[in-house]
Structures are given as C-alpha cells and as structure tokens.
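# Following is a predicted model, sequence given first.
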Amino acid sequence: MFKITAYGVRENEVNYFHKLNIFDYDLNLIPENLTQSNIETAKGSDGILLRANNDGSEPVLRQLKKWGIKYVFTRTVGYDHIDLEAASELGITVARVPSYSPYAVADLAMNLGITLVRRTAIATSRAALADFKIETDLFSREIHDLTIGIIGTGKIGLAEAKLYQGLGAKIVGYDIFQSDAAKEVLTFVSQDELLEISDIVSLHVPHFPNKNDHFFDEKLINKMKKGAILINTSRAEITDQSAIIQAIKNEQLGGFGADVVLREKEIFGHRFDKNHILKDKEVTELLDLYPKVLLTPHIGSYTEEALTDMINISYQNFNDMLIKGTTLNEVALTQS
C-alpha cells in the first residue's frame, strides 16, 4: 500500500483526509510542519505531502531521497518552500495544487477590507474595553459607494471582484493579462490610475523570488488615494513592510489588512509572549498599529471548500504518478 506522510494536518482536518481517501492510501498524518528536527517521521513513506511553511530545503530533500522517497508534493498553490533545483538534482518529483476554491481567499480579503473601511475593528476593540463613545474616527463610507482596486485579476482576484460587485461597489482592475471573464465584472485601468482612484486596493499577485520582491513599495503606496485601505492576502514578499508601517503612521494609508507576513515559518503556527515577538521588529510594529492594521495567520485557504479541493487534487496527483508516471500538476525547475 502506498504510504503518504502529510504534514501540518490540523486536528479538524484529519477526518477530511480519511473521508476523501478514495485511493486507499496508507496515511501518516502529522500535526507539526516538516522540519529537519522531525524528519524521522517521514521514514518508511512513499510520498510526502507538505503545506506552506514546511521545510522543503535541500538537506531535507536529500534525507528523504536516502530513504527512497521520490515524491514530495505540496497541497498549496505556492511552492517556494520547496527547493526545486535540489529536487531536480535528486530525482524527486514535485507537484502542487494549482487552484482551489478561489472564494476562500477572496472572502477573507473582502472581510479585511470592509472591516477596516467601516471602522469595525476600531469600534469593537473599544467596546471590549467598555468604551462606547462615538468618536470622529468611526465615521465611514458605505461599501456600495466605494471604488475597489484589484491588482491581479486571476481566479482569486476575480472572485473578490464578484463579491464586491454584489455589494454595488465600482470595481477596477490591473493585470498584464486581461481576461474576458474579468472584463465582465470590472474595468481594466493602468496601475497608476487604479492606485489614484481606489478606496481599497487588494493585492493578488504571486511572488517570484528575486523578480518582484517588494514591488509594492513606498513609491506605489504614495500613489494611492490618501487614507485608502491596502489588503494583501497573497505573499508578504511582494510588499515593503517597512514602507507600509510608515504609511500607516503618517496616515497615507487608512488601514492595512494582511494574511501574510515576512518570515512566516518563524511566526505563524506559534504563540508568543510579548518579549519573544519583539524579536521581529516589523511584525511587532504592525501588531502595535492594531486596529488600523489587521493581521491573520495565513488562514485564507482555511475553509472546508478549499481544504476539500486541496486534499482531492493532492490525492489525484499521487494517483496520476502511480498510474501514468506523470501529473499535469508537476512543478518543473523551469517554473521557478
């Protein structure tokens, strides 16, 4: 029986892994993320299934190869946690889940945007302290009267555009590829125009290491409408966190919502005391700017629908390799 060791499997996900196991794999479900310190748990496996923030570095892959493991798959869209060059040299096949329910991330992106623009987080944080005074910073606008800018109008960006469209907002988008599907929902404009007119700017841009790092920087932030909201549910690496912090402090940005931060492996999935988290200066500064800054621990894909898609497609990837010797979702070195 083909044995799969899956890492980062949360307690509430276990039943889904078993229920969706139509190929009758031998499952070894590990709650912790894969690291060099717990790699022994992979011994005896035929395939490995990772999630974001798992360690797919060269030393880990080399050890897996020594144990005869030829398949290291990820149940995520992104695969930058796996060293593709090392995998290629070792003859390890890497595959991913190219897409899952786009509304999972889109829902969260819209939720963060609306919470910030409607000043809900400010109001509830004060109410929790029994402060029910109505201050001027709670004054807001209605969603239907806003312009929403979507940078990156792929499946997730388009899903968010449809959600906002349902609330009556005006939607503009920027993308190098202007799909016909997106044109039915939003109006494509230049990036500069989008930044100038949008009340909420939502980023859905993939990260390409050493190519678009920090592309959304101080220069672009300063092109935004003063007091606008910035949302990032893609990858923190595409933004300049320090520039965002400064823009919140000088009120160029009215708020910032993110499901991602830099160095996530060291932060997300852990609970810190105040002294420990202070070791990451930028994340600490972002936390200190609450409730104008809202951070969530990379939960964009943490929905029943998305989880089901991720598991089903991952299982199919393994089955394709076993039956056909290939899978359409293989990640080649040239894609990195």
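Yes, it's here.

# Next one, pLDDT for residue 309 please.
In this model, residue 309 is scored at 97, pLDDT.

# Same question for residue 336.
Value listed for residue 336 in the pLDDT field: 49.

# and the residue most central in space within the chain, what does it touch?
With distances taken as Cα atoms, centre = their mean, the residue of the chain nearest its centroid is residue 234 (4.4 Å). Counting by Cβ atoms under 8 Å, 6 or more residues apart in numbering, residue 234 touches 152, 203, 204, 205, 206, 207, 260. In this view, the C-beta of every residue, glycine as well, is placed from N, C-alpha and C.

# cool, residue 141 as well?
117, 199.

# For it, grab phi and psi.
Main-chain torsions, residue 141, degrees, to the nearest 10: phi -110, psi 170.

# where do the helices sit along the stretch 1-150 of the chain?
14-19, 58-66, 84-90, 102-117, 120-127 (DSSP state H, counting those that start in this stretch).

# ok, how many other residues are close to residue 227?
For residue 227, the neighbour count with other Cβ atoms under 10 Å is 12.

# And the residue lying closest to it once chain neighbours are set aside, how far from residue 236?
Ranked by Cβ to Cβ, 6 or more residues apart in numbering and with sequence neighbours excluded, the top spatial neighbour of residue 227 is residue 254, at 4.0 Å. For residue 254, the distance to residue 236 (Cβ to Cβ, to the nearest Å) stands at 20 Å.

# ok, and the closest non-adjacent residue to residue 115?
Residue 115 sits nearest to residue 121 (Cβ to Cβ, 6+ apart), 5.3 Å away.

# try residue 239
residue 216 (4.6 Å).

# That neighbour: how many residues sit nearby?
Residues near residue 216, counting by other Cβ under 10 Å, number 22.

# try residue 117
Residues lying near residue 117 (other Cβ under 10 Å) number 22.

# can you pull the contacts of residue 262?
Residue 262 touches 236, 237, 241, 282, 283, counting by Cβ under 8 Å, 6+ apart.

# Could you pick out the buried ones from the residues you listed?
Neighbour-count burial (16 or more other Cβ atoms under 10 Å) applied to those gives 236, 237, 241, 283.

# from what I can see the third one touches residue 282, true?
Yes: between residue 241 and residue 282 there is a contact under Cβ atoms under 8 Å: 4.7 Å.

# Overlap of the contact sets of those two?
Joint contacts of residue 241 and residue 282 (Cβ under 8 Å, 6+ apart) are 261, 262.

# Quick check: the farthest pair among the contacts of residue 262?
237 and 283 (14.1 Å; Cβ to Cβ).

# and the closest residue to residue 158 other than its chain neighbours, what does it touch?
With Cβ to Cβ, 6+ apart as the criterion, residue 158 has its nearest non-adjacent residue at 5.3 Å, and that residue is residue 182. With contact taken as Cβ under 8 Å, 6+ apart, residue 182 is in contact with 153, 157, 158, 161, 173, 175, 188.

# and residue 182, helix, strand or coil?
Per DSSP: H, G, I helix; E, B strand; the rest coil, the secondary structure class of residue 182 is helix.

# Per-residue confidence at it, what does it come out as?
pLDDT, residue 182: 98.

# Likewise for residue 268?
Looking at residue 268, its pLDDT is 89.

# any idea how this protein splits into domains?
3-100+303-335, 102-295 (automatic domain parsing).

# biggest helix in this structure by residues?
Scanning the chain for the helix with the most residues, using DSSP state H, yields helix 304-324.

# Could you list the buried residues of it?
306-307, 309-318, 320-321.

# just to revisit the earlier point, among the helices of the stretch 1-150 of the chain, which is the most enclosed?
helix 102-117 (a mean of 23; mean count of other Cβ atoms under 10 Å).

# Make a markdown table from the buried ones among the contacts of residue 262 and add secondary structure and distance to residue 211 to it.
Listed next are these as a markdown table, based on DSSP: H, G, I helix; E, B strand; the rest coil; distance: Cβ to Cβ, whole Å:
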| residue | secondary structure | distance to residue 211 |
| --- | --- | --- |
| 236 | helix | 15 |
| 237 | helix | 10 |
| 241 | helix | 18 |
| 283 | helix | 24 |
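
# Can you read off the pLDDT for the residue nearest to residue 227?
Looking at residue 254, the pLDDT reads 97.

# helices or strands next to the helix or strand containing it in the packing?
According to DSSP states H and E, residue 254 maps onto strand 253-258. When contacts are defined as 3 or more Cβ pairs under 8 Å, 6 or more residues apart in numbering; DSSP states H and E, strand 253-258 sits against helix 102-117, strand 228-232, helix 241-249, strand 293-295.

# Good, we can wrap up now.
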